[in-house]
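# test case, fold it:
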Amino acid sequence: MTLVRKTQIGLLITAVVLFVLLFLAPKTHSGELEAKGSDSKPTETVESIETFITMATKSLKPEEKSKYDALLASAKNSKVDTAYVPVVEFWDKQKRPDFASYFVEQIAERKQTSLAYSKAGDRYYYSVRFIKDNNEIPALYQSAIRCYEKAIEKDAKNVDAKIQLAACFVEDGKDPMKGIGLLREVEKTDSNNVKLQLTFAFFSVKSQQWDKAIKRFNKVLVIDPLYIEAYLHLADAYEQQGQTNKTIEMLEKYASVTDDAMAKKEVLKYIEQLKK
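Residues are numbered from 1 along each chain as shown. Next up is the predicted model:
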């Protein structure tokens, strides 16, 4: 398999399932997660998100800082659950989803519901993908973990929070096997959870355990045949193994069911390249 082909199928997947890759696929390489553990890392001091917000606030333009200070003061003085929404929106407009996440957590602190804490955890978790300063990433994972743990404390049946909590443990890298253990616990009672199977699948991809990834993506299709993006991930996994015929088969299956004309055109074009 040439480098060009490996790159092209990656671009195909990125173009067609960008949302999946950004919001479900793990960002960091965590080793052979389903089979092996990792050496524990020494405890390190992690700066709080508040520290990063304070530093960023000093860099705001005067008019922006005045607006931010006013929004923040208003939210703090209000008793309304959603008083921090304008502050969240302010940081979203600044393209700082990490800082917005902190104030989503403040909303959760007022609402005190499992769903609210899950939303805050999701905000922290997903914002990792957009952070340029790697020094902030540990704080984001720790904040996400804190929110997911509170969500589970509020509702022990919050399966999504358990899956996301597990993903944080794995991706943060400090205790990956704890995360895998949590996923396996969920699997015992909810093995047909698509998000669970996708999480396992993407961990396997990151650790280049292609056979396990294939098994998981096939499981996803059994659970939800309409999750057709799984065919693209299967095609990628088979291509990584050098199984061109299986790669073509998966791409043809995707092309036969997708409603996205542009994606279908690109997939069929790539199939022809593979057949040469």
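
# where does the stretch 101-250 of the chain have low pLDDT?
Regions of the stretch 101-250 of the chain meeting the criterion pLDDT under 70 are absent.

# how about the strands in it?
Applying DSSP state E, counting those that start in this stretch to the stretch 101-250 of the chain gives no strands.

# count the neighbours of K269 for me.
11 (other CB atoms under 10 Å). All C-beta atoms are positioned from the backbone trio N, CA, C, and that covers glycine.

# got the contact list for G179?
Residues near G179 by CB atoms under 8 Å, 6 or more residues apart in numbering: L165, A166, A167, C168, F169, V170, E171.

# am I right that the first one is in contact with Y148?
Yes: the pair L165 and Y148 qualifies as a contact (CB atoms under 8 Å) at a distance of 3.9 Å.

# list the residues that contact both of these two?
Joint contacts of L165 and Y148 (CB under 8 Å, 6+ apart) are G121.

# how long is stretch 184-197 end to end?
10 Å (CA to CA, to the nearest Å).

# list the buried residues of it.
In terms of neighbour count (16 or more other CB atoms under 10 Å), stretch 184-197 has its buried residues at V186, N193, K195, L196, Q197.

# contacting residues around that stretch?
For stretch 184-197, using CB under 8 Å, 6+ apart, the contacting residues are 24, 159-160, 162-163, 166, 183, 200, 216-217, 219-220, 223-224, 227.

# quick one: which of those is most hemmed in?
Busiest of the contacts of stretch 184-197 [other CB under 10 Å] is F217, holding 27 neighbours.

# report the separation between that one and R129.
To R129, F217 is 21 Å away according to CB to CB, to the nearest Å.

# quick one on the thing from earlier: and of the contacts of stretch 184-197, the nearest to M250?
Distance to M250 across the contacts of stretch 184-197 (CB to CB) is lowest for F217, with 9.1 Å.

# so which of the buried residues of stretch 184-197 is the closest to K58?
K195 (39.1 Å).

# the closest one and A261: what is the separation?
Taking CB to CB, one finds K195 at 28 Å from A261.

# surely Y117 meets K150?
Yes: counting by CB under 8 Å, Y117 touches K150, with 4.4 Å between them.

# these two: who's more crowded?
Y117 (28 against 21).

# count of neighbours near the nearest residue to the more buried one once chain neighbours are set aside?
If the residues on either side of it in the chain are set aside, Y117 comes closest to A151, at 3.8 Å by CB to CB, 6 or more residues apart in numbering. With neighbours defined by other CB under 10 Å, the count for A151 comes to 27.
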